[in-house]
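Asker: mind folding the following:
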Amino acid sequence: MDSADIEQEETAQGPGIDLERYFLTLRRYIWLIAAFVVLVAAGAVVYTRRLVPVYEATASVQIEPKLPDLLGTGDMFNVASGNSNTTEYYKQQQLVIGSYTLCQQTVQANDFVPKLLSPEQRAVLTKEDQVDIASRQLKEDLKVKYPVADRIMYVSVRSSDPKFAKDVANAHIATYVNYSKGLLAMNSTEASGALEQEFNQAEQELRKAEEHISTFQAENDMVTVTLEEHQSLVASNILSFTQKLNDARAEQIRLAARLDQMRKASVSEVLSSPMAMMSDSSSSFETLRAQYYAEKTKLIELERDLGPKNSEYATQKQKVDELFKALDGQLKILMQGTQALYQAQSVTVAGLAAEVERYKTEAKALSPKIADFNRLMRDKRGIEDNYNILRTRLSTSQMTGGMSASISNVRPLDPALLPTASVYPSMSKNVAFSSAAALFIAVGFVVLAVFLDRSIKSAGEATQAAKAPVLGVIPGISPNELPLDDDRARDLFVHEHPTSHIAECCRTLRTNIMLSSADNDLKMIVVCSANKSEGKTTSVMYLGTTMAQSNQRVLLIDTDMRRPRLHTSFGASRERGLTNLIMGDDNYDDVIQTTDVPNLFLLPCGPLPPNPVELLMTKRFAAVLTELGQRFDRIILDSPPLPYTDAVVISKLTGGVILIVRAGKTLRDELTRASRTFREVNANVLGVIVNDLDRQGGDAANYYYYSYYGYGDQARDDASKRRSATRAARRASKSSKTNDPDDANIS
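Answerer: Below you'll find the model as predicted:
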């Protein structure tokens, strides 16, 4: 498969979103998320209980748009001044009920200052300031509602004292009723007098506003034409003269072009000059030229018949010369006429341009005048609105002044009752909101952590990243099973603990590798990783140990000529090894070393060369591998990690490549890049080994591998029995000397 096919395949599959990974992570931390939500909900409960409860009392008042017919006219007095203003009237009453003035009257009439202000506040404030601050506080705590157009207003008051909330709501309704009867601070007569004084003042202000507008109109000549009309006229003139200016400029350009062509044509001979064709009055010139040619023809005939010395010939020649001079003069007249037209058109263009600029200047001068006029009109409308309101109120006051003060279009409906339940804080809302927010934050944090974590956590992610199957997993070794930082003990763990979970996983891994290419003999396998410190050498040791346990002669070759480690794990020397064989310095029996694991042999890397890649690309190295292949059943090559190209070079000489992935460390992009690197050279990527999986992490992928292959507590005994039976069968096979290599390969 070439690189183009690989890129096309990866593009078709796309990056995808591993929803299963998110789900498994959420399930893994479900108890932590639940604990966080419960903790936040408990905090919300504690916080809510520490808050001071607030109670709300609501009283209602009914407002009719008409007063009773006390004058005997057979009709009701319309307070709203017409059906069209009824909606506005109720909106106005809603604002009146919640106004600062009514709140101040309620505070003063019922002595609510001690209830609204603390003793410390009253000690440092004057009485006027106390009333002012208390009124402002009441205005904030009081809400006027008009939910539906049913002529009923609702006054709600909130307070930490339920009785005080009830008293304030009822008292404010009473204040509004008194206000509607004209008994706020003065009787009906005093109210009428005050309204009349305000009305007279508003009337004077209205007259002044009208005088200002009249003076402004006289100063700006707006008696016959308004500013809007004047502005429209100026705009129309600008548009009209601009159009004329454009036309005049077009004509000027045309005359300039004609004059230029005439000047160019003036240098040609008079009779052949095309100048006459450029003029609108070329007919006279053509007539004169036709006459010239006729007389010229006659002159030629006289010269042929009579001779040039004849008097009739001389007369005819003089006539022809005069016609020629007339033609030349006619061309000059055409030139002068065209030039005069061009100059006249230029004067016209200048005049039109001046008119356009004059009207533009006039339009600019009109803008501030229009703004001033609009300001004066707005002032007048505001004063006029106030004047109309005062006139209506004065008329109402005068009509009802002599009536009984007990008659009103406003009456209390339902009094406020003592509230028994608080409206704030709401325990259920606070707990629900805090729990939902905590759940959202916790889940979002987990999802974000999973999204930012690009490392491989499961076999499915490894398969998706490498585009190759997972051959098996190697669980991590717990600290109580292995001394800390003991690499040699870690590498020999499978050999020293053949009944452990890890050994069972490695044997399963060995079987999967054998079966992954049943048609091909995987004699030589390269083991590589995307980065260093991902358990590559340890995996080589485990794989070689399990293959050797199946009665196969297995050779481990350390081709990592940069940081070799296989000799350290076996306690061997690397003074002589692979590099010596490649250079031809030693024979095979001298450099191949035995190990503590039966049937497992080691070929160290030998002295470190300065150019490992060049050494591995030699024909001698291929010959060494061929010779070693004849001596051993299986050969596993421990290569340097990528991005070193040593493994890429070796992969061309072997049966396949196995990529080592360290769970929680190897990034998906790194594994994809490593797999692509081998596929680009047509190397056989056998699959992936997921290394260092956490057995205690609760990962569903780990559980799948453990449970599927029988690595549970109950299956451990069964696995031990199977191993015992296998060893007994091997001993019987050895004693009878009937070992079959094919059977050993599949075991």
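Asker: and residue 689, how many neighbours does it have?
Answerer: When neighbours are defined as other CB atoms under 10 Å, residue 689 has 29 of them. Where you see a C-beta, it was placed from the backbone N, CA and C, and this is true even at glycine.
Asker: for it, give the beta-bridge partners.
Answerer: On the basis of DSSP bridges, residue 689 is bridged to residue 472, residue 660.
Asker: do I have it right that it meets residue 657?
Answerer: No - assessed by CB atoms under 8 Å, residue 689 is found out of contact with residue 657, at 11.3 Å.
Asker: now the strands for this protein?
Answerer: 55-63, 66-67, 77-78, 142-145, 152-159, 410-412, 470-475, 524-529, 554-558, 593-594, 600-603, 634-638, 656-662, 685-693 (DSSP state E).
Asker: partners of the fifth one in the sheet?
Answerer: When pairs are called by DSSP bridges, strand 152-159 turns out to pair with strand 55-63 (antiparallel), strand 142-145 (antiparallel).
Asker: contacts only, for the residue lying closest to residue 168 once chain neighbours are set aside.
Answerer: Nearest residue to residue 168, sequence neighbours excluded (CB to CB, 6 or more residues apart in numbering): residue 157, at 4.5 Å. Residues in contact with residue 157 (CB atoms under 8 Å, 6 or more residues apart in numbering) are 56-58, 138, 141-143, 165-166, 168-169, 172, 416.
Asker: what's the weakest-modelled helix or strand in this structure?
Answerer: Ranking every helix and strand in the chain by mean pLDDT, DSSP states H and E puts helix 741-746 at the bottom, with a mean of 33.
Asker: related to what we said a few turns ago, redo the contacts of residue 157 as TSV? Include pLDDT.
Answerer: Compiled in TSV, those are given as follows (pLDDT from 0 to 100):
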residue	pLDDT
56	90
57	92
58	93
138	90
141	89
142	92
143	92
165	90
166	91
168	91
169	91
172	91
416	89
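Asker: what is the nearest of those to residue 287?
Answerer: Closest approach between these and residue 287, by CB to CB: residue 143, at 101.3 Å.
Asker: look up how far residue 103 lies from the closest one.
Answerer: 12 Å (CB to CB, to the nearest Å).
Asker: what's the distance between the residue nearest to residue 141 when sequence neighbours are not counted and residue 448?
Answerer: Closest residue in space to residue 141, ignoring its immediate chain neighbours: residue 158 at 5.2 Å, by CB to CB, 6+ apart. Noted for residue 158: a distance of 41 Å to residue 448, by CB to CB.
Asker: which one's more surrounded, these two?
Answerer: Set residue 158 next to residue 448 and count neighbours by other CB under 10 Å: residue 158 wins out with 19 against 10.
Asker: low-confidence ranges, the stretch 451-600 of the chain, go.
Answerer: By pLDDT under 70, the low-scoring segments of the stretch 451-600 of the chain are 483-485, 517-521.
Asker: where do the helices sit along it?
Answerer: For the stretch 451-600 of the chain, the helices defined by DSSP state H, counting those that start in this stretch cover 459-466, 487-491, 493-496, 501-516, 536-548, 566-570, 578-583, 588-591.
Asker: ok, which stretches of the stretch 601-747 of the chain are helices?
Answerer: Per DSSP H, counting those that start in this stretch, the stretch 601-747 of the chain carries helices over the ranges 612-616, 619-631, 646-651, 668-680, 700-708, 713-736, 741-746.
Asker: ok, residue 472 - contacts?
Answerer: Applying CB under 8 Å, 6+ apart to residue 472 gives the contacts 505, 506, 508, 509, 512, 689, 690, 705.
Asker: 10 Å - rerun?
Answerer: Residues in contact with residue 472, defined by CB atoms under 10 Å, 6 or more residues apart in numbering, are 459, 505-513, 539, 543, 658, 687-691, 705, 709.
Asker: tell me how far it lies from residue 111.
Answerer: Between residue 472 and residue 111 the computed distance is 88 Å (CB to CB).
Asker: one more: residue 122?
Answerer: 12 Å.
Asker: what touches both of these two?
Answerer: residue 134.
Asker: quick one: which of these two has more around it?
Answerer: residue 122 (17 against 9).
Asker: ok, residue 473 - how many residues close by?
Answerer: Residue 473 has 28 nearby residues by other CB under 10 Å.
Asker: just confirm it contacts residue 690, I think it does.
Answerer: Yes - here residue 473 reaches residue 690: they are 4.5 Å apart, a contact under CB atoms under 10 Å.
Asker: need the contact list for residue 671.
Answerer: 455-456, 461-462, 464-468, 529-531, 534, 659-661, 688.
Asker: correction: residue 570
Answerer: Residue 570 sits next to 488, 491-492, 541, 556, 558, 593-597, 600-602, 604 when contact means CB under 10 Å, 6+ apart.
Asker: picking up where we left off before, which residues do residue 689 and residue 657 both contact?
Answerer: Taking CB under 10 Å, 6+ apart as the criterion, residue 689 and residue 657 both touch residue 527.
Asker: how close does the residue nearest to residue 168 get to residue 469?
Answerer: Note on residue 157: its distance to residue 469, by CB to CB, is 74 Å.
Asker: try residue 355
Answerer: According to CB to CB, residue 355 stands 90 Å off from residue 469.
Asker: next: residue 671.
Answerer: For residue 671, the distance to residue 469 equals 13 Å [CB to CB].
Asker: go on, residue 654?
Answerer: Distance check for residue 654 against residue 469: by CB to CB, it reads 18 Å.
Asker: that older thread, a markdown table please, covering the helices of the stretch 451-600 of the chain and showing distance to residue 681.
Answerer: Formatted as a markdown table, the helices of the stretch 451-600 of the chain follow (distance: least, CB to CB, whole Å):
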| stretch | distance to residue 681 |
| --- | --- |
| helix 459-466 | 16 |
| helix 487-491 | 30 |
| helix 493-496 | 32 |
| helix 501-516 | 20 |
| helix 536-548 | 19 |
| helix 566-570 | 25 |
| helix 578-583 | 21 |
| helix 588-591 | 28 |
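Asker: residue 492 touches residue 542, doesn't it?
Answerer: Yes - using CB under 10 Å, residue 492 is in contact with residue 542, at 9.5 Å.
Asker: with neighbour numbers in mind, choose between these two.
Answerer: Comparing residue 492 with residue 542 by other CB under 10 Å, the one with more neighbours is residue 542, at 27 against 21.
Asker: ok, how many other residues are close to the residue lying closest to residue 620 once chain neighbours are set aside?
Answerer: Spatial nearest neighbour of residue 620, chain neighbours left out: residue 582 (5.0 Å); criterion: CB to CB, 6+ apart. Using other CB under 10 Å, residue 582 has 19 other residues around it.
Asker: and residue 582, how far from residue 654?
Answerer: Distance from residue 582 to residue 654, by CB to CB: 16 Å.
Asker: sorry, back to before: among the contacts of residue 472, which ones are buried?
Answerer: 459, 505-513, 539, 543, 658, 687-691, 705, 709 (16 or more other CB atoms under 10 Å).
Asker: find the residue at the geometric middle of this protein.
Answerer: residue 448 (17.0 Å; CA atoms, centre = their mean).
Asker: spit out the contact partners of it.
Answerer: By CB under 10 Å, 6+ apart, the contact set of residue 448 is empty.
Asker: what of residue 522?
Answerer: Here residue 522 is in contact with 513-514, 516, 634-636, 654-656, 658, 684, 686, 745 (CB under 10 Å, 6+ apart).
Asker: alright, I will stop here.
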